[in-house]
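S.K.: could you work out the structure for the sequence below:
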Amino acid sequence: MKKIFMRMSIRVKILIASVLLCIVMTSIFSVYLIKNTETVYSSQQISTYSSKLNSITNSIDQAYLLTIRLSTMLSNDKEISEFLTAPEDSIENHSGFILNAYNVCSKYLINLGIYDYISKGILCSTVNNSRISFGLTYGNAGDYDVFKSINFNDERMFPVGIIPNPFAEQNRKYESYCIPYKTNIYPTLSVHKAGNLYIALDSSIITNYFPPKDIESSGNVYIMIDDFLYVYDGETIEDISDKINLIRSAGPIKIDSQTFHTGPIKELDGKDFIYVNSNTTGWSIMQELPSQRDQLKNALTSTDILPVILLIFSSGLVFFLILNHLITKPVTRIVNHIEQVSEGNFDRQKELSSASREFLTIDEEINSMSASIKSLMDEALKTEQEKNAYEFKILQSQINPHFLYNTLNSIKWLGEMNGITSITEITASLSSMLHTIAKVESTFVDIATELSFIKDYLIIQSYRYGNSFYIEYNVSEPYLYNALIIKFILQPLVENAIFHGIEPSGRHGKIRIDVYTENKDLFMKVTDNGVGIDPQRLEKINSHTLSPSDPDKDIGISNINSRIVLEYGKEYGLKVESVVNEFTTVTIHTPLVLKDNQ
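M.R.: Residues are numbered from 1 along each chain as shown. Next up, the predicted model:
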């Protein structure tokens with residue numbers, strides 16, 4: 001036997017050794033797989049549940065934000081403002097106010113795609129005491145009393161959590177639930193409240209994402225709203241708020257900034273939970289994980305495939321041995337031919353005397369390839385030169401910026417001809433902004449130019465947000481308009497105030513820009529009355545310890561501070577002050593430098 005083995009070719013010896021090694025490694029891997037499958041399965045399960053609950057929570061947040069958007073749209077609507085602020089005798093003598101307001105509310109529900117989520121909505125005027133009812137269910141005289149019985153003066157957004165839906169039909173097949181809340185309505189161009197919007201969110205905003213079959217296979221869903229805890233079993237929602245401290249004291253393990261994994265909770269059938277906190281609603285959506293016994297059962301089931309894997313692997317090796325014997329000679333010849341070509345020998349080789357048609361075709365193609373490689377190499381240089389010349393022509397034919405200005409002026413002229421003021425103003429503002437960007441080549445601009453740039457920017461944003469905010473400018477001394485600052489340093493702060501301060505607040509916004517001097521230094525402040533910044537994140541921003549994983553808006557503020565420090569030194573920079581749900585003020589401190597030494 002030893003003599004036979006010694007006479008074998010090196011390829012056969014390597015092949016036999018490879019087969020034996022694969023068998024040994026496969027056996028070791030099989031044992032390892034059986035012992036670790038449960039751990040791997042558990043990790044995959046946590047990852048799967050985390051991804052699913054994060055996706056569902058994001059969907060719920062989006063639907064909730066649309067309901068908040070409804071109050072903003074009502075505040076900006078002219079017909080709603082007329083309904084809320086009309087004298088009481090006008091409402092009594094002119095039912096058109098009520099009908100128009102009802103139609104507006106219904107239209108917004110449909111346009112926002114939230115009709116199915118509003119079980120009941122009541123818009124009440126605090127001026128004329130009139131009200132209208134809209135939503136999924138028919139209204140009756142007692143609907144308003146339901147909302148009045150709830151203490152909305154509570155600091156919590158959802159003071160009663162989830163309750164049985166008092167607006168649902170009595171003969172409904174399944175139990176119905178809702179989440180009541182209240183928001184204020186301000187008429188157009190006013191900061192004085194004119195009414196209240198009462199909303200009963202249908203619980204389907206949550207339960208639609210958890211079909212009964214999914215709960216049956218995955219486990220019950222738990223919903224935490226403020227100090228309330230509920231369990232949803234696919235049909236009913238049960239209040240188990242007395243057990244909320246069991247969740248809070250379970251010592252959850254943080255998976256990411258919003259997602260947590262608890263250990264087994266004995267009082268809740270020894271279940272583990274995955275839960276996701278929403279920064280938008282403040283709710284937590286939780287779901288049970290299958291027990292360790294179920295995980296072990298799944299793990300053992302998964303190991304049943306090992307014998308099949310071993311059988312297929314062994315059969316594949318046997319088949320590989322047969323193929324290796326049949327193709328060794330032609331493959332070796334082809335490899336040698338390729339190696340000669342790679343070494344620069346482009347001579348045509350003698351054709352294979354005996355081989356399958358496929359190998360003959362490959363050998364012939366290699367001969368053809370080697371014969372044309374030299375000409376291709378020569379052509380490659382020529383092609384590269386032509387490519388460079390072509391790219392240069394493209395650069396020469398790029399659009400001149402004046403073409404863009406002329407095009408914008410044409411659009412502006414078209415808007416004026418057709419009496420479309422919005423197109424004229426937006427185009428003029430955009431053209432002015434582009435002209436400023438193209439014109440300013442220096443690192444610095446005067447404050448007059450910066451404020452002009454911001455005014456053009458806000459004209460464009462005003463058409464997007466309507467009259468949901470206004471801006472004030474306060475330059476303490478006229479000569480400060482000639483003060484030089486780093487170009488376009490205020491615009492990102494105004495943009496942050498709109499997108500991340502005022503818009504999420506859902507209320508009428510105010511932005512104030514102050515420019516003043518102190519101790520011969522220049523100070524610029526941008527203040528908004530938006531949602532504010534929580535103390536932990538505020539401290540991180542002011543300490544300039546942000547990381548790439550932090551929000552882009554925070555990193556943008558940090559970048560502005562870095563620009564100031566690099567330009568003027570560490571004694572200058574940017575500071576943020578904020579109180580949640582009240583205001584945010586960003587202060588820029590730089591040396592006072594006047595244009596033309598004025």
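S.K.: and the strand or helix carrying Y198, which strands flank it?
M.R.: Element membership for Y198 (DSSP states H and E) is strand 195-202. Strand 195-202 pairs in its sheet with strand 118-125 (antiparallel), strand 177-185 (antiparallel), by DSSP bridges.
S.K.: now these in CSV, please, with extra columns for mean neighbour count, mean pLDDT and distance to F260.
M.R.: Every C-beta, even on glycine, is put in place using the N, C-alpha and C of the backbone. Putting the strands paired with strand 195-202 into CSV (neighbours: other CB atoms under 10 Å; pLDDT from 0 to 100; distance: least, CB to CB, whole Å) gives the following:
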stretch, mean neighbour count, mean pLDDT, distance to F260
strand 118-125, 24, 89, 30
strand 177-185, 22, 90, 23
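S.K.: possible to save those as a markdown table with distance to E472?
M.R.: Formatted as a markdown table, those follow (distance: least, CB to CB, whole Å):
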| stretch | distance to E472 |
| --- | --- |
| strand 118-125 | 30 |
| strand 177-185 | 23 |
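S.K.: what helices or strands is the helix or strand just after the strand holding Y198 leaning on?
M.R.: Of the helices and strands lying after strand 195-202 in sequence (DSSP H and E), the nearest is helix 204-207. Applying 3 or more CB pairs under 8 Å, 6 or more residues apart in numbering; DSSP states H and E, we find helix 204-207 packed against helix 10-75, strand 221-225.
S.K.: can you flag the weakest of the ones you listed by average pLDDT?
M.R.: Lowest mean pLDDT within the helices and strands packed on helix 204-207: helix 10-75, at a mean of 76.
S.K.: now do the helices in the stretch 451-598 of the chain.
M.R.: 491-496, 503-505, 535-542, 552-568 (DSSP state H, counting those that start in this stretch).
S.K.: kindly compare burial across those and name the winner.
M.R.: Comparing these by mean neighbour count (mean count of other CB atoms under 10 Å), helix 491-496 ranks first with a mean of 20.
S.K.: how far off centre is that one?
M.R.: Mean-position distance between helix 491-496 and its chain equals 20 Å (CA atoms, centre = their mean, to the nearest Å).
S.K.: now swap in stretch 252-262 and tell me
M.R.: 19 Å.
S.K.: give me the contact list for that stretch.
M.R.: The contact list for stretch 252-262 (CB atoms under 8 Å, 6 or more residues apart in numbering) reads 46, 50, 53-54, 57, 247, 250-251, 263, 272-279.
S.K.: can you give me the buried ones in it?
M.R.: P252, I255, Q258, T259, F260, H261, T262 (16 or more other CB atoms under 10 Å).
S.K.: do stretch 270-281 as well
M.R.: Buried residues in stretch 270-281, counted by 16+ other CB under 10 Å: K271, D272, F273, I274, Y275, V276, N277, S278, T281.
S.K.: what of stretch 455-473?
M.R.: By 16+ other CB under 10 Å, the buried positions in stretch 455-473 come out as D456, Y457, L458, I459, Q461, S462, Y465, S468, F469, I471.
S.K.: rewinding a little: okay, and which of the buried residues of stretch 270-281 map to strands?
M.R.: Counting by DSSP state E, those place D272, F273, I274, Y275, V276, N277 in strands.
S.K.: got CSV for these, with pLDDT too?
M.R.: Shown next, in CSV, are these (pLDDT from 0 to 100):
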residue, pLDDT
D272, 83
F273, 86
I274, 88
Y275, 87
V276, 91
N277, 90
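S.K.: dump the residues you listed into TSV; add distance to N367 as well.
M.R.: Output for those, formatted as TSV (distance: CB to CB, whole Å):
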residue	distance to N367
D272	66
F273	68
I274	63
Y275	67
V276	64
N277	68
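S.K.: nearest to N184 among the residues you listed?
M.R.: Of all these, N277 has the smallest distance to N184: 26.2 Å, by CB to CB.
S.K.: can you list the weak-confidence ranges in the stretch 401-550 of the chain?
M.R.: Along the stretch 401-550 of the chain, segments meeting pLDDT under 70 span 401-422, 424, 438-441, 545-550.
S.K.: so where do the strands sit in it?
M.R.: 444-446, 469-475, 484-486, 509-518, 521-528 (DSSP state E, counting those that start in this stretch).
S.K.: which stretch among these comes nearest E567?
M.R.: Judged by CB to CB, the one of the strands of the stretch 401-550 of the chain that comes nearest to E567 is strand 484-486, at 6.2 Å.
S.K.: so N111 is in which element?
M.R.: helix 96-112.
S.K.: report all helices and strands that that helix contacts.
M.R.: Contacts defined by 3+ CB pairs under 8 Å, 6+ apart place helix 96-112 against helix 10-75, helix 78-85, helix 88-93, strand 118-125, strand 131-134.
S.K.: repeat the analysis, applying 6 Å as the threshold.
M.R.: helix 10-75, helix 78-85, strand 131-134 (3 or more CB pairs under 6 Å, 6 or more residues apart in numbering; DSSP states H and E).
S.K.: contacting residues for the closest residue to E577 other than its chain neighbours?
M.R.: Leaving out its chain neighbours, the residue that sits closest to E577 by CB to CB, 6 or more residues apart in numbering is T585, at 4.6 Å. Contacts for T585 (CB atoms under 6 Å, 6 or more residues apart in numbering) come out as K525, T527, E577.
S.K.: which one among those residues gets closest to M73?
M.R.: Checking those against M73 by CB to CB gives T527 as the nearest, at 25.9 Å.
S.K.: hmm, R512 and that closest one touching each other?
M.R.: Yes. The pair T527 and R512 qualifies as a contact (CB atoms under 6 Å) at a distance of 4.6 Å.
S.K.: where does the stretch 51-200 of the chain have low pLDDT?
M.R.: When residues are selected by pLDDT under 70, those of the stretch 51-200 of the chain lie in 91-95, 138-139, 141, 154, 170-173.
S.K.: apologies, that question was intended for the stretch 201-350 of the chain.
M.R.: For the stretch 201-350 of the chain, the stretches with pLDDT under 70 are 291-313, 315-331, 333-335, 337, 341, 344, 346, 348-350.
S.K.: can you pull out the helices in it?
M.R.: 204-207, 212-218, 244-248, 292-302, 306-342.
S.K.: out of the strands of the stretch 401-550 of the chain, flag the one nearest I206.
M.R.: With CB to CB, the closest approach to I206 among the strands of the stretch 401-550 of the chain belongs to strand 509-518: 30.0 Å.
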